[in-house]
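In: Take a look and give me a structure for this.
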Amino acid sequence: MSAASLLRGPLIGTCLASVLYGITCLQAFFYFQTYVNDQRGLKLTVALLLTLETIHVALSMWVVDSYLVVNYTNQPRLLLEYVNSPLVGGTPSDERLQFLIDLVVYFYFTWRIWMFTSNLWIVFFMVGWRVVMVAATHTPLVDSDFTCANGDQYCGFCTKPAKLYMGLLS
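Out: Residues are numbered from 1 along each chain as shown. The predicted model follows:
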């Protein structure tokens, strides 16, 4: 496995994310220019999401820069960092930003449904569903019986797939 094959995905992902970020900026600019009389809370939500997306894209570019510019032509270092680093799939801060962006959008969507239907049962169901989803996706499902794919103990930040460390599965 070469460094080029490992780093092609994050590079392409960052390039596509940058294109989508440009579209997001264009939409935000269009929104602020067109809907001047919207509520302040809605404008602040759009501004918050744009700020969070800006930080997200900057962190993604920083990760790709660290692999492709700072460690250029240092293939052993790249492979070592890629295999042993929690930066695979992004930084822990990047993952927290993705979660925060998702949470803001989901609660805005829930608020809009409540405003449209005035039915609290739907809101309770949606908030309850979100709590279940957060618990299922952000609770470490790996305990002392599991190790990371590279053989280390699960560190809590590792985004690599875990494997069962038993005599049967290794």
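
In: what about whatever helix or strand Val134 lives in, average pLDDT?
Out: For Val134, the host element (DSSP states H and E) is helix 120-138. Averaged over helix 120-138, pLDDT sits at 83.

In: what helices or strands is it leaning on?
Out: For helix 120-138, the elements it packs on are helix 92-117, judged by 3 or more Cβ pairs under 8 Å, 6 or more residues apart in numbering; DSSP states H and E. To be clear about C-beta, it is placed using only N, CA and C from the backbone, and glycine gets the same treatment.

In: Excluding residues flanking it in the chain, which one is nearest Tyr108?
Out: Excluding the flanking residues, the one nearest Tyr108 by Cβ to Cβ, 6 or more residues apart in numbering is Thr45, at 5.9 Å.

In: so what pLDDT did that neighbour get?
Out: So, for Thr45, pLDDT stands at 94.

In: Tyr106 too?
Out: Taking Tyr106 on its own, its pLDDT is 90.

In: swap in Leu87?
Out: The predicted local confidence for Leu87 is 47.
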